[in-house]
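Pasted the sequence and its predicted model underneath.
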Amino acid sequence: MEKLATLTEAQNRCFNFLVRYVAEHRRAPSIREIGAALGYASTNAVSQTLEALAAKGYIRRRKGARQIEILYHDEFSPLNQTGSPVPAQAVPVMKLDTSQRRLQLVPRGVLHLDAAQLGKGEFCICLNDDDGMDKAGIFKGDWIVLHRRPILESERGVLVGVADGDTFIVRRHYVTNGRIQLVAANRSYTERFIKPQDPSSMQVLGAVKMVIRKIQPLQTLPNAS
């Protein structure tokens, strides 16, 4: 999405209020409702703020009461382009299993993720098993949301999820001399090469769509005194 002009603090507060109000009530607020919620001294001040939001491309105003249309929707917006709530999508959490001498993805449960962030396609979640991509901000124990699709040769350096036996890892994907080259961000991890026609040892499962990290609570430090 094209970067719009920066909002002032007051404009940003007003815009966020509009987005929340429309998501909850399925209609735009009135000028007086905006003023009462945000503490404006007059309806004139509200109108000036709305005009600034319209000039910067965040909203569109039409004649009549409550005629405010939200134009700017980022990927975390509670509204999609039609103004309806964004549905959640159940994404299976999978475990690698090679006990039968062939790779299987065994469901362990599901997570419900914002469908607007995922887009179209088949998705699954796997637990990252090493720190090979720690220099790229992906760590052992992160949950990796994968888009299950073929990786094109032209997608040089795309992040992919890889089954390496019973281990799931993330690497950057390249094609070199007809072989798939899997490169780690941590130089202590070796590069791996596989033939596209020979998935016996390692298999590319799809492209990394997003990373989910469990944040550990901060521990209370002992009293230094």
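Perfect, I can see it now. Residues are numbered from 1 along each chain as shown.

By mean pLDDT, which helix or strand of the protein comes out lowest?
helix 115-118 (a mean of 80; mean pLDDT, DSSP states H and E).

So which elements touch it?
When contacts are defined as 3 or more Cβ pairs under 8 Å, 6 or more residues apart in numbering; DSSP states H and E, helix 115-118 sits against strand 88-97. All C-beta atoms are positioned from the backbone trio N, CA, C, and that covers glycine.

If you count contacts, what does the strand it packs on end up packed against?
By 3+ Cβ pairs under 8 Å, 6+ apart, strand 88-97 packs against strand 104-114, helix 115-118, strand 123-127.

I'd like the mean pLDDT over it, please.
Strand 88-97 comes out with an average pLDDT of 85.

so that strand versus strand 123-127, what angle?
Interaxial angle, strand 88-97 versus strand 123-127 (axes from the mean of the first three to the mean of the last three Cα atoms, to 10 degrees): 50 degrees.

got the angle between strand 88-97 and strand 104-114?
In terms of direction (the same axes, to 10 degrees), strand 88-97 departs from strand 104-114 by 160 degrees.

buried stuff in stretch 136-154?
Neighbour counts using 16 or more other Cβ atoms under 10 Å place 138, 142-147, 151 of stretch 136-154 among the buried residues.

show me where the chain has strands.
59-61, 68-70, 88-97, 104-114, 123-127, 143-147, 158-164, 167-176, 179-183, 192-194, 202-212 (DSSP state E).

Now do the first one: which elements does it pack against?
Same thing as strand 59-61. By 3+ Cβ pairs under 8 Å, 6+ apart, strand 59-61 packs against helix 43-55, strand 68-70.
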